[in-house]
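**Student:** Using only what follows, build the 3D model:
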Amino acid sequence: MKNNNNSHTIQTAMALIMFCLFLVSILLVLTSGVKSYSSISSKLSSRYESRTCLNYISSKVKYNDKEDSIDIKDFNGRNALYIKNKIDGKEFNTIIYYYDGYVKELTAEEGKKLGLSSGQDIVPIKSIEFKKLKNNLLKIYCTDNKGDKKDIYISLKSEYGGTNHGK
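**Tutor:** Residues are numbered from 1 along each chain as shown. Down below sits the predicted model:
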């Protein structure tokens, strides 16, 4: 009887040890999965920010591509993209610039002085830079919050007799 009881105790202990090992392996797999998910999620979020930023600006430029309507100038000490529009006979500028961790957009009447904080937050990024390479070619550099740099070239059709979009 004593042998049988001893055997039963060993079998129970082995079953408990196997169960504990199974639980530990499940926890390790779950922890690994959470780390992988966090890493992938962070990368996708970062890519989303820079792509959204560049696509948004590209769409704005292409939609407003009229003769003498797109320019790169200084806005309160910041490099900015200016898009000129005429609404009800008045000149307005849509200004896209970087300030305080965001690409910002501000639409204001020509000549009106506004501060950097006046703009609407568009997307969080680390930096953005606008360059006019030629009369008809813009280059936009964007650095997301992870430090990844992306750029886009935009060809202006209206600068050399291309489309005039109703002007």
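
**Student:** Can I take it that Ser25 is in a helix?
**Tutor:** Yes - membership of Ser25 in a helix is supported by DSSP: H, G, I helix; E, B strand; the rest coil.

**Student:** what about it, neighbour count?
**Tutor:** Residues near Ser25, counting by other CB atoms under 10 Å, number 10. The way it works is simple: take the backbone N, C-alpha and C, and place the C-beta from them, glycine included.

**Student:** mind checking how far the one helix or strand in the chain whose mean pLDDT sits lowest is from the chain centre?
**Tutor:** Within the chain, no helix or strand scores below helix 2-63, which has a mean of 84 by mean pLDDT, DSSP states H and E. In terms of CA atoms, centre = their mean, to the nearest Å, the centre of helix 2-63 is set 26 Å apart from its chain centre.

**Student:** helices and strands around that helix, which ones?
**Tutor:** For helix 2-63, the packing partners by 3 or more CB pairs under 8 Å, 6 or more residues apart in numbering; DSSP states H and E come out as strand 78-87, strand 90-99, strand 102-109, strand 120-124, strand 137-143, strand 149-155.

**Student:** Tabulate those strands (JSON lines), appending mean neighbour count and distance to Glu49.
**Tutor:** What follows is those, written out as JSON lines (neighbours: other CB atoms under 10 Å; distance: least, CB to CB, whole Å):
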{"stretch": "strand 78-87", "mean neighbour count": "17", "distance to Glu49": "18"}
{"stretch": "strand 90-99", "mean neighbour count": "19", "distance to Glu49": "13"}
{"stretch": "strand 102-109", "mean neighbour count": "18", "distance to Glu49": "9"}
{"stretch": "strand 120-124", "mean neighbour count": "15", "distance to Glu49": "5"}
{"stretch": "strand 137-143", "mean neighbour count": "18", "distance to Glu49": "9"}
{"stretch": "strand 149-155", "mean neighbour count": "15", "distance to Glu49": "10"}
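
**Student:** Okay then, goodbye and thanks.
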